[in-house]
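1. pasting a predicted model and its sequence here:
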Amino acid sequence: MRIMTLPCDGIGPEIMAATLEVVEAANKKYDLGLTFEEEESGFTSLRNHGITLRDDVLERARTEFDGVILGTQSHMDYPPVVEGGRNVSAGFRIGLDLYANVRPARSRDFLPNKAPGMDLVIMREATEGFYPDRNMYKGVGEMMPDPDMALSVRKITRHGSMRICREAFKLAMQRKKKIAAIHKANSFLMTDGLFLECFREVANDYPEVETEELIVDAFAALLVRKPHEYDVIVATNFYGDILSDLASELSGSLGLAGSINANAETGLCCAQAQHGSAPDIQGQNVANPTSLILSAAMMLIWLGEQKGSPKLMEAGQAIADAVDAVIDDPAKRTRDLGGTVNTDTFGTLVAEMISRETIPA
């Protein structure tokens, strides 16, 4: 199996190196046969090719690779799109039609957190919604008719809503058979109304799953008040983006949350950390690589499920278990968790844990 890696910007190269050390340890232990090839993206690609993400990179990812590990991007610092500043993350999600952004948030008893007992997964639709760089066939869905007016268009489709709801219900069947749809249909009557219509239609095919429909602002409060009550959350792009960051931060840190972008129909999957590029600590070897490591673990599990490979699933779970085993020790935590361990050292510690005969529970 071939994996494309794109370190991208900021702390991306540092956390990518730590992640690959961990994945290579799992590759060796479980005899996965993984090979890796690095491609340029972000500012490196802009300098060398005049654009932050080339179409041929996307085409190679689609046709030549089984998975992608994508580093962090400094999108806010890119030049305008017409000058080559393409949103790398959106480029992969739209270019490869990776509509399912899967974002788990889990509290750990041994780490300080504001959400005891939280263990949920947010299924975020990632190819439409309020995001102007991905909701138009040509042009973008944001415009300024005059210097004092700005407009933005939201796109919600039946196709997009149905497929993210289907994936969310499939996941709910594997977990606690509970799912909540997040919306603002009391204000967005047609767009969120269409999303809810699709949610209810898919729900008819899963009578075993307990369903709930929650207004987004109310759910934000409930997520703080009683996070342990929720399991699978399905939401449109904008709501899912904000709520997943909130959930991860409540669970301990945004740096502890993995994330994948996937398409169950094509079998394509991209691992991507939930957090940003943190240019303020770039090159200092102090970033926490956990989010990208766990994202890579999720990718292996997802690919294992798609390909019917128990080895891939076991390897992915071993990575997740090894991360928990390492951060369970206060002396082995990175600075954001109150420790002193550097980025590269953390990767080595997790890799060594995977290479052990058994990983402590």
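-> Looks like it came in fine. Since the structure is predicted, the reported quantities are computational estimates derived from the model, not experimental observations.

2. how much space between the residue nearest in space to the middle of the chain and E39?
-> Nearest residue to the geometric centre of the chain (Cα atoms, centre = their mean): S259, 2.4 Å. Here S259 is placed at a distance of 20 Å from E39 (Cβ to Cβ, to the nearest Å). For glycine as for every other residue, the C-beta is placed from the backbone atoms N, C-alpha and C.

3. and L189, by the same measure?
-> 44 Å.

4. skipping its backbone neighbours, what lies nearest E249 in space?
-> Distances taken as Cβ to Cβ, 6 or more residues apart in numbering put K114 closest to E249, at 7.9 Å, once the chain neighbours are dropped.

5. for the closest residue to E265 other than its chain neighbours, grab the count of nearby residues.
-> Spatial nearest neighbour of E265, excluding adjacent residues (Cβ to Cβ, 6+ apart): R163 at 7.9 Å. One way to gauge burial is a neighbour count; for R163, by other Cβ atoms under 10 Å, it gives 21.

6. skipping adjacent residues, who's closest to G117 in space?
-> H228 (3.3 Å).

7. okay, now that neighbour: neighbour count?
-> 12.

8. pLDDT at it, what is it?
-> According to the prediction, H228 has pLDDT 95.

9. residue contacts, it?
-> With Cβ atoms under 8 Å, 6 or more residues apart in numbering as the criterion, the residues that contact H228 are 115-119.

10. how about 10 Å then?
-> The contact partners of H228, taken as Cβ atoms under 10 Å, 6 or more residues apart in numbering, are 107, 115-120.

11. report the secondary structure state of the closest residue to T334 other than its chain neighbours.
-> Among residues not flanking T334 along the chain, N288 sits closest, at 4.1 Å (Cβ to Cβ, 6+ apart). The local conformation at N288, judged by DSSP: H, G, I helix; E, B strand; the rest coil, is coil.

12. just give the number of residues close to N288.
-> A count of nearby residues for N288, using other Cβ under 10 Å, gives 28.

13. got it, and the one 4 residues further on?
-> L292 has 32 neighbours, counted by other Cβ under 10 Å.

14. thought it was touching G12?
-> Yes - with contact taken as Cβ atoms under 10 Å, L292 and G12 are classed as touching, separated by 8.4 Å.

15. which ones are touching R163?
-> Residues touching R163, when contacts are defined by Cβ under 10 Å, 6+ apart, comprise 97, 99-100, 125, 127, 157, 198, 202, 263-265.

16. wait, I meant P227
-> When contacts are counted by Cβ under 10 Å, 6+ apart, P227 touches 105, 107, 113-120, 246-247, 250-251.

17. among the residues you listed, name the ones in strands.
-> Secondary structure from DSSP state E places 105, 119-120 of the contacts of P227 in strands.

18. which among these end up buried?
-> Those of the ones in strands among the contacts of P227 that meet the buried threshold are 105, 119-120, by 16 or more other Cβ atoms under 10 Å.

19. format these as a markdown table; extra columns: distance to Q174 and pLDDT.
-> A markdown table is the format used below for these (distance: Cβ to Cβ, whole Å; pLDDT from 0 to 100):
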| residue | distance to Q174 | pLDDT |
| --- | --- | --- |
| A105 | 17 | 96 |
| D119 | 13 | 97 |
| L120 | 13 | 98 |
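
20. got the phi and psi for the spatially closest residue to L70 that is not a sequence neighbour?
-> Spatial nearest neighbour of L70, chain neighbours left out: Q272 (4.5 Å); criterion: Cβ to Cβ, 6+ apart. Note on Q272: backbone dihedrals following degrees, to the nearest 10 are phi -150, psi 130.

21. cool, and the one 4 residues further on?
-> Recorded main-chain torsions at G276 are phi -90, psi -170, according to degrees, to the nearest 10.

22. count the residues that sit near the residue lying closest to it once chain neighbours are set aside.
-> In space, and not counting its chain neighbours, G276 is closest to T72: 5.8 Å by Cβ to Cβ, 6+ apart. The tally of other residues near T72 (other Cβ under 10 Å) stands at 30.

23. for S187, same thing?
-> Residues contacting S187 under the criterion other Cβ under 10 Å number 10.

24. can you lay out the ones in strands among the contacts of P227 as TSV showing distance to D329?
-> Conversion of the ones in strands among the contacts of P227 to TSV gives the following (distance: Cβ to Cβ, whole Å):
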residue	distance to D329
A105	22
D119	22
L120	26
